[in-house]
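Peer 1: Need a 3D model of the sequence below.
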Amino acid sequence: MAVAKDDARTGKKDSPADRIIDKIKRHRLVTLVIVVGTITIAVGGFFGAITKIAEFIDRFIDPKPFTVKELQDTVSRTAIELKEEFESVTSRPGKAPPIPSGDFGRVNRQIARIERLDPGNGHATYYRGFIMRWQGQRLASHPTLFMYLERAKDPKLHLPDDNGDARFCFDNWLGYCKQRQAFINHFLALDFERAAREEKDRAVALARLKAGLERADIAIKIYGEFNAPGQGTPTRTLAESLRKKISEAEQPLK
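Peer 2: Residues are numbered from 1 along each chain as shown. Predicted structure coming up:
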């Protein structure tokens, strides 16, 4: 995790890279014109380049935290803004996957800001994974979601009194919490159940059912049960269904 140093106390001078950036800031108009042109060509169109251009500008206008406290406060504040932006996109009436990537432009800017401040931060990883799902990329989201789960195994990244309540996700500036671990496992269980249903190979389907049950049981152990509109089958109902299907699949063919 990135840690900001108090330059005022250490008396540390700007690095060569900082001096270069300072020069770029002083000539930001020329720089911006060059970058707009370059990104537009690379992306293939002006409107498709808007988010990339905005992220580039953010790099130079965002204030740099000078203390650890400032870093934590800035990430926490940005994480709340990220949540609000994400919900403003996904909670619109009639919205359902796949949502065009352009709708997440402001959301991606907040993710990029958090990653610049604290690479590997859980807020950024979590929302990046669920953006992919809302874009209709369920399976493509798995590496990102599993990355979150893998990092979340480190107890030092959690608040010590985290009991699974969702508020701990934003009380913790690092972005790791039990509720998100359970939520991810809930959706992975649904994905494995669906993959098993679509699989023709009996052995492969059985393996996917078992993987789904494992994820459902983890979610229940950590959190209890997710049972709300938009979250698919309730976790306990899903686990019971998976156990039944596993039992049936393990029976010898007649």
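Peer 1: Show the model's pLDDT score for residue 81.
Peer 2: Reading off the confidence values, residue 81 has pLDDT 97.
Peer 1: If you could redo that for residue 175, that was the one I meant.
Peer 2: Reported pLDDT at residue 175 in the predicted model: 98.
Peer 1: for it, helix, strand, or coil?
Peer 2: coil (DSSP: H, G, I helix; E, B strand; the rest coil).
Peer 1: Surely it is in contact with residue 125?
Peer 2: Yes: between residue 175 and residue 125 there is a contact under Cβ atoms under 8 Å: 7.3 Å. From N, CA and C alone the C-beta is placed, and that goes for glycine too.
Peer 1: So those two - more neighbours on which side?
Peer 2: Between residue 175 and residue 125, counting by other Cβ atoms under 10 Å, residue 175 is the more crowded of the two (26 against 22).
Peer 1: Let's see the helix or strand harbouring residue 248 as CSV, backbone CA atoms only.
Peer 2: Per DSSP states H and E: residue 248 is located in helix 235-249. Provided in CSV are the C-alpha atoms of helix 235-249 (Å, rounded to 0.1, in the frame of the first residue of the first chain):
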residue,chain,number,x,y,z
THR,A,235,-27.8,-17.4,-0.6
ARG,A,236,-29.3,-20.2,1.7
THR,A,237,-31.8,-21.2,-1.0
LEU,A,238,-28.9,-21.4,-3.5
ALA,A,239,-26.8,-23.5,-1.2
GLU,A,240,-29.6,-26.0,-0.6
SER,A,241,-30.3,-26.2,-4.3
LEU,A,242,-26.6,-26.8,-5.0
ARG,A,243,-26.4,-29.6,-2.4
LYS,A,244,-29.4,-31.3,-4.0
LYS,A,245,-28.0,-31.0,-7.5
ILE,A,246,-24.6,-32.3,-6.3
SER,A,247,-26.3,-35.3,-4.7
GLU,A,248,-28.2,-36.1,-7.9
ALA,A,249,-25.2,-35.7,-10.1
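Peer 1: any idea of the mean pLDDT in stretch 106-123?
Peer 2: Rounded to a whole number, the mean pLDDT of stretch 106-123 is 95.
Peer 1: Pull out the buried positions in it.
Peer 2: 106-118, 121-123 (16 or more other Cβ atoms under 10 Å).
Peer 1: closest to residue 87 among those?
Peer 2: Nearest to residue 87 among the buried residues of stretch 106-123 is residue 107, at 9.5 Å by Cβ to Cβ.
Peer 1: Which helix or which strand is home to that closest one?
Peer 2: helix 105-117.
Peer 1: can you pull the pLDDT of residue 33?
Peer 2: 54.
Peer 1: and if you look at residue 252?
Peer 2: On the pLDDT scale, residue 252 gets 86.
Peer 1: Which elements pack onto the top helix by length along the chain?
Peer 2: If you go by DSSP state H, the chain has its longest helix at helix 68-90. In terms of contacts (3 or more Cβ pairs under 8 Å, 6 or more residues apart in numbering; DSSP states H and E), helix 68-90 is packed against helix 105-117, helix 122-134, helix 168-171.
Peer 1: Same list (the ones you listed) but as a markdown table, adding distance to residue 153.
Peer 2: A markdown table is the format used below for those (distance: least, Cβ to Cβ, whole Å):
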| stretch | distance to residue 153 |
| --- | --- |
| helix 105-117 | 21 |
| helix 122-134 | 12 |
| helix 168-171 | 16 |
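Peer 1: Distance of residue 179 relative to residue 159?
Peer 2: Note on residue 179: its distance to residue 159, by Cβ to Cβ, to the nearest Å, is 12 Å.
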